[in-house]
Every structure is written in C-alpha cells, then in structure tokens.
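1. just coords:
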Ligand code: 13P
C-alpha cells in the first residue's frame with residue numbers, strides 16, 4: 001500500500017518565535033499521525049528547523065531552489081545548500097512561482113533534476129487555473145507540466161519524487177476541489193505514469209493541495225488516488241495541521 005505524505009507549505013510566513021511555538025505544538029501531538037509529515041519553510045529558518053527536528057518523526061524541506069549548482073547567481077540557493085540543512089524535500093513548480101516569478105515547465109524540470117541530483121525529493125506541483133478548467137483543458141495542462149519532467153528526467157525519476165496536484169483556483173481561496181474533481185485528476189496523473197511504468201505509478205505519492213482543512217481532509221484523502229496533502233494556510237495552525245496529519 002502507498003504511504004501518505006502530509007506536507008505543510010508555510011509559504012512566506014513565520015518568525016523564529018512563531019516557528020518555535022508551532023513546531024513544539026506539532027511535535028507534542030504528532031505521535032499517532034498516520035501520514036509521513038513534513039514542513040517546508042522559508043530558507044532563513046532551515047537551520048532553526050534542523051536544530052529542532054533532527055531525530056524526530058518530522059521531516060522538513062524548502063519551497064524552491066536554484067536549477068544551478070553554484071556560481072554567480074545572486075539571491076539563489078542551491079540543492080547542496082539545502083542538503084547542508086538536512087532538507088529531505090523541496091517544492092518545485094508551485095503555482096505561485098509559475099505565475100508570479102515566470103517559472104516555465106522547462107525551468108521547473110531543471111529544478112526538479114537539480115534537486116534529485118543532490119539526493120533531495122522534489123515535490124512537483126502541477127495544476128490548472130480556473131480559466132483552464134472552464135476551458136476543459138485541465139488534463140492537457142497537467143499533462144504538459146508532467147511531460148516536461150518526463151522528457152528531462154524519465155519516468156524512473158518519479159520513483160524518488162512526489163507529485164502535488166494543486167488546482168490554482170483552490171489555493172488560498174477556501175474553495176476546495178470536490179473529492180470527485182480531485183480524484184479524477186489524480187487518476188489521470190497516475191494513469192499517465194502507469195502507461196510508462198506501472199511499478200512507479202503504483203508507488204507514486206500524489207498529494208492534493210488547495211484549501212485542505214481538518215474538516216475536508218478525510219473525504220479527500222480517502223479517494224483511491226489521493227495520498228495525502230500539501231497544506232498551506234492550515235499548516236500554520238498546529239491543531240488544524242495535526243488533525244490533518246491524523247487523517248492521512
Ligand atoms: P492553501 O492550503 O492555503 O489553499 O494552500 C495550498 C498550497 O498552495 C500549498 O502549497
């Protein structure tokens with residue numbers, strides 16, 4: 001059976017004091033979580049998180065990385081730097097980076113490759129906008145986003161990756177995809193991978209993200225192809241986040 005992964009994406013939130021309180025509360029309650037659990041924090045807090053979470057059941061990661069290994073790239077952070085701070089995961093291709101920072105499918109694939117080359121597990125985000133859903137091109141869009149990674153790294157690379165389906169219209173809006181809508185896209189993704197490699201498809205964790213809360217996590221995560229969630233706003237509240245982890 002596939003395991004589930006619940007990962008918090010803190011986005012650009014947190015302070016040293018807030019993180020300390022949030023992680024203390026999560027650690028206190030995480031004992032009976034069904035899912036694997038991780039938090040993805042802003043870069044400056046990774047040292048704090050490494051200090052706090054080393055030796056615990058919680059994994060951690062970053063929200064972005066450079067496609068380059070090192071060099072004259074002012075402001076960028078490489079995969080090996082994330083390794084220095086014990087990261088297991090790194091989010092690549094979040095819709096906010098695609099939309100606000102112009103990250104193309106090809107750039108996202110380069111970041112995915114850079115993460116894997118350093119031994120990090122990329123969480124590859126894919127998802128359609130509302131206009132794309134209404135234009136009935138959801139599968140083309142999600143398929144194209146995944147193809148960029150398949151073309152660059154091959155299907156076998158997905159044995160060491162996670163995919164997060166995050167419909168853009170459901171992120172931070174309070175509008176969650178219905179379990180049926182989410183399951184349909186998850187099944188499309190897994191079917192696409194299964195056509196290339198059934199073993200990889202069967203073990204691939206495909207998370208759902210977009211307004212997941214304690215109140216809707218159970219019905220979403222009980223869908224056959226939904227293996228946990230990538231959690232934004234609700235990951236900043238220990239009680240909410242723990243409740244979601246206990247579902248997964
Ligand atoms: P929300 O859970 O706040 O909708 O954010 C989802 C998300 O973008 C996680 O990466």
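-> That came in fine, so what should we check first? Because the structure is a prediction, the values reported are computed rather than measured. Numbers count the residues shown, from 1 in each chain.

2. tally of neighbours for residue 56?
-> Residue 56: 13 surrounding residues under other Cβ atoms under 10 Å. In this view, the C-beta of every residue, glycine as well, is placed from N, C-alpha and C.

3. Likewise for residue 180?
-> Residue 180 has 8 nearby residues by other Cβ under 10 Å.

4. same question, residue 18
-> 13.

5. just residue 178 next, same as before
-> Neighbours around residue 178, by other Cβ under 10 Å: 13.

6. can you check residue 85 too?
-> Neighbours around residue 85, by other Cβ under 10 Å: 19.

7. excluding its backbone neighbours, what's nearest it?
-> residue 46 (3.9 Å; Cβ to Cβ, 6 or more residues apart in numbering).

8. Which stretches in this structure count as helices?
-> 16-29, 46-53, 79-84, 95-100, 105-117, 130-134, 138-153, 179-194, 198-203, 214-221, 238-247 (DSSP state H).

9. is it possible to export those helices to JSON lines including distance to residue 230 and mean pLDDT?
-> Shown next, in JSON lines, are these (distance: least, Cβ to Cβ, whole Å; pLDDT from 0 to 100):
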{"stretch": "helix 16-29", "distance to residue 230": "16", "mean pLDDT": "98"}
{"stretch": "helix 46-53", "distance to residue 230": "17", "mean pLDDT": "98"}
{"stretch": "helix 79-84", "distance to residue 230": "18", "mean pLDDT": "98"}
{"stretch": "helix 95-100", "distance to residue 230": "11", "mean pLDDT": "98"}
{"stretch": "helix 105-117", "distance to residue 230": "15", "mean pLDDT": "98"}
{"stretch": "helix 130-134", "distance to residue 230": "19", "mean pLDDT": "96"}
{"stretch": "helix 138-153", "distance to residue 230": "15", "mean pLDDT": "98"}
{"stretch": "helix 179-194", "distance to residue 230": "12", "mean pLDDT": "98"}
{"stretch": "helix 198-203", "distance to residue 230": "18", "mean pLDDT": "98"}
{"stretch": "helix 214-221", "distance to residue 230": "12", "mean pLDDT": "96"}
{"stretch": "helix 238-247", "distance to residue 230": "11", "mean pLDDT": "96"}
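
10. Show the model's pLDDT score for residue 1.
-> Confidence at residue 1, expressed as pLDDT, is 67.

11. Test my guess that the residue nearest to residue 85 contacts residue 87.
-> Yes: shown here, residue 46 and residue 87 form a contact pair, counting by Cβ atoms under 8 Å, at 6.6 Å.

12. Pull up the overlap in contacts between these two.
-> Common neighbours of residue 46 and residue 87 are listed as 60, 62 (criterion: Cβ atoms under 8 Å, 6 or more residues apart in numbering).

13. Settle it for me: which of these two has more neighbours?
-> residue 87 (27 against 21).

14. That one contacts residue 65, correct?
-> No: at 9.0 Å, residue 87 does not count as touching residue 65 under the criterion of Cβ under 8 Å.

15. overlap in contacts of those two?
-> Taking Cβ under 8 Å, 6+ apart as the criterion, residue 87 and residue 65 both touch residue 120.
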